[in-house]
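A.B. asks: fold the following.
(chains A and B)
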Amino acid sequence: MPVTPPRTLTELFLGFLSIGARSFGGVLPWAHRVMVEERRWLAPADFAETIGLCQFLPGPNIGNASIVLGKRWFGVRGALVAFLGLVALPFVWVLALGAVYADYATVPLVKGIVTGVGAAGAGLFIGTAIKLGRALARNPTALVLVAACFLAVALGRVSLLYVLPVALALAIVAARREWL
Amino acid sequence: MALTLLELALYFGLLSVVAFGGMPAVMPEMQRIVVEVKEWTSPVEFIQLFAVAQAAPGPNVLIASLIGWKAAGLAGAVVALLAVCGPAAVIAWWVADLWDRFKDSPWRLAIQRAIAPIVVALILSGGYVIATPDGTPDWRMWLIAAASAAAVLATRANPLWMIAGGALMGALLLS
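C.D. replies: Model prediction:
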C-alpha cells in the first residue's frame, strides 16, 4: 500500500482535527486509524517508531507526535498546525464538559458518578503500569528501582524534581553496568 | 490574576519537562502542586477535574486546561495547556533528529533501559494518588480502580468501557 504524506497544511490540520475530535477513551488508537489506515500518511512501522520516540520523550506523547510529524512534513508551520489541529476541539469540549459539570457538582449522584470515573481512570494507569512492568519482572535491580520510586513519590509525596534526577542517575549507572 | 497566569505557566512548564512517561507519570507531582502547594483545587475537586478530562475525547493533557480554567478562567486554560505542551514540544523538535543519529549508541540504549522502570513506578504512583485523593484509602475507590486495572490486563476493550463501568460503580457506591 503506497504511503503519501499530507500535501497541504489544510490536509494536515484536518487530519489532526479528526484525531482529536474522535479520540474517546485514548488518542493513540485513533491516531493510528487516521494516519495509517484512513489517510495513509505513514507506514505502520514508521508510526510505531515515531510513537516509541514520543513515549520516551517527556511531555504529552501524542502532542509530541504532532510536533515531530508536523516538523517532518512542513517544518515549523507544520508542527504548529498539527498541534493546534489536535487540541482545538478537545479543548472546547473539555471546558464545555467542565462547565456543565460545575453546574451539577453538588448533586450527590453526579458527584458519585464523576468520582467513580476518576477512580476508573486511576485503574487504567495502574493496569498500564503493570503491563509495562511485566517486561521488568525478572530483573531485581528494576524492581528495587520501581519500589523505591513508588515509595518516594506515591507514599512519601516527595517532589518529582528531587526524585527524578536521583533515580535517573542511579538507573543510568545501573544500565551501563548491565544490571538493567 | 496576572500572577496566577505566571504561576500556571511556570508550574505547568516545569511539569512538561519532567513528564517522562507522559501525563500519567506526572499526575502525583501535578496533584502535589495544584492541591498542596497552590491550593487551586481541593483534593476531591482535583480527582473530579481529572475524571472530566478522562471522559472527554482528546489527549489526557487537557486536565491542564481544566485546572488553569479553575485557577484563572479562560486565559488560565490556554496558558496551562500551552505551558504543559510547549517545553516538551521544543525538546521533541530538537531530539527527533538526534535520536535517529544515535540509533546504535550504547548511551541511547542505556538511557532507554534506565527510563523504563522509572516510568513504570511513576505511572503506578499516578494511579495510586488519584485513587487515594485524601491520602487515606477508601475501599470503594480502590475497588473501582482495581476492577478497571483488571479489565485493562484481561481484555483489549476500548478504555471507554472501563470509564463507563467506573461511572456505574460510582453511582452505586459513592453517591
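
A.B. asks: pull out the buried residues from stretch B:69-77.
C.D. replies: For stretch B:69-77, burial by neighbour count (16 or more other Cβ atoms under 10 Å in any protein chain shown) applies to B:69-72, B:76-77. Any C-beta I mention is one placed from the backbone N, CA and C, and that applies to glycine too.

A.B. asks: cool, and stretch B:133-153?
C.D. replies: The neighbour-count check on stretch B:133-153 (16+ other Cβ under 10 Å) flags B:133, B:138, B:140-142, B:144-149, B:151-152 as buried.

A.B. asks: dump those into CSV; add secondary structure and distance to A:G123 as well.
C.D. replies: Shown next, in CSV, are these (DSSP: H, G, I helix; E, B strand; the rest coil; distance: Cβ to Cβ, whole Å):
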residue, secondary structure, distance to A:G123
B:P133, coil, 14
B:D138, coil, 14
B:R140, helix, 13
B:M141, helix, 10
B:W142, helix, 9
B:I144, helix, 7
B:A145, helix, 4
B:A146, helix, 7
B:A147, helix, 7
B:S148, helix, 3
B:A149, helix, 4
B:A151, helix, 8
B:V152, helix, 7
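
A.B. asks: I'd guessed B:L174 sits against B:W142; true?
C.D. replies: No: here B:L174 does not reach B:W142: they are 12.0 Å apart, not a contact under Cβ atoms under 8 Å.

A.B. asks: list the buried ones in the longest helix seen in chain B?
C.D. replies: Counting by DSSP state H, the longest helix found in chain B is helix B:63-101. Burial within helix B:63-101, assessed by neighbour count using 16+ other Cβ under 10 Å, is assigned to B:63-72, B:76-89, B:91-93, B:95-96, B:99.

A.B. asks: now do the next helix-or-strand element following that helix and helix B:63-101, the angle between them.
C.D. replies: As assigned by DSSP states H and E, the chain's next helix or strand after helix B:63-101 is helix B:106-131. Helix B:106-131 runs at 170 degrees relative to helix B:63-101, counting by axes from the mean of the first three to the mean of the last three Cα atoms, to 10 degrees.

A.B. asks: in chain B, which residue sits nearest chain A?
C.D. replies: Going by Cβ to the nearest Cβ, chain A is nearest to B:G170 of chain B, at 1.6 Å.

A.B. asks: contacting residues around that residue?
C.D. replies: Counting by Cβ atoms under 8 Å, 6 or more residues apart in numbering or on different chains, B:G170 makes contact with A:112-117, A:119-120, B:144.

A.B. asks: which of these lies closest to A:Y101?
C.D. replies: A:V114 (6.5 Å; Cβ to Cβ).

A.B. asks: quick revisit: near chain A, from the buried residues of helix B:63-101?
C.D. replies: B:65-66, B:69, B:77, B:81, B:84-85, B:87-89, B:91-93, B:95-96, B:99 (Cβ under 8 Å from any Cβ of the partner chain).

A.B. asks: most widely separated two among those residues?
C.D. replies: B:W69 and B:W99 (34.6 Å).

A.B. asks: between the ones next to chain A among the buried residues of helix B:63-101, which sits nearest B:L5?
C.D. replies: B:A77 (10.6 Å).

A.B. asks: alpha carbons only: can I get stretch B:88-107 in PDB?
C.D. replies: Taking Å, rounded to 0.1, in the frame of the first residue of the first chain, the C-alpha atoms of stretch B:88-107 are listed here in PDB:
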ATOM      1  CA  ALA B  88       8.300  19.300  25.800                       C
ATOM      2  CA  ALA B  89       7.500  20.300  22.200                       C
ATOM      3  CA  VAL B  90      10.800  22.200  21.900                       C
ATOM      4  CA  ILE B  91      12.600  19.200  23.300                       C
ATOM      5  CA  ALA B  92      10.800  16.900  20.800                       C
ATOM      6  CA  TRP B  93      11.700  19.300  18.000                       C
ATOM      7  CA  TRP B  94      15.400  19.000  18.700                       C
ATOM      8  CA  VAL B  95      15.700  15.400  19.800                       C
ATOM      9  CA  ALA B  96      13.800  13.800  16.900                       C
ATOM     10  CA  ASP B  97      16.800  14.200  14.600                       C
ATOM     11  CA  LEU B  98      19.400  13.400  17.200                       C
ATOM     12  CA  TRP B  99      17.600  10.300  18.200                       C
ATOM     13  CA  ASP B 100      18.000   8.800  14.700                       C
ATOM     14  CA  ARG B 101      21.600   9.700  14.600                       C
ATOM     15  CA  PHE B 102      22.400   7.900  17.900                       C
ATOM     16  CA  LYS B 103      20.400   4.800  16.900                       C
ATOM     17  CA  ASP B 104      23.200   2.300  17.800                       C
ATOM     18  CA  SER B 105      24.900   4.400  20.500                       C
ATOM     19  CA  PRO B 106      25.400   2.500  23.800                       C
ATOM     20  CA  TRP B 107      24.300   5.600  25.700                       C
END
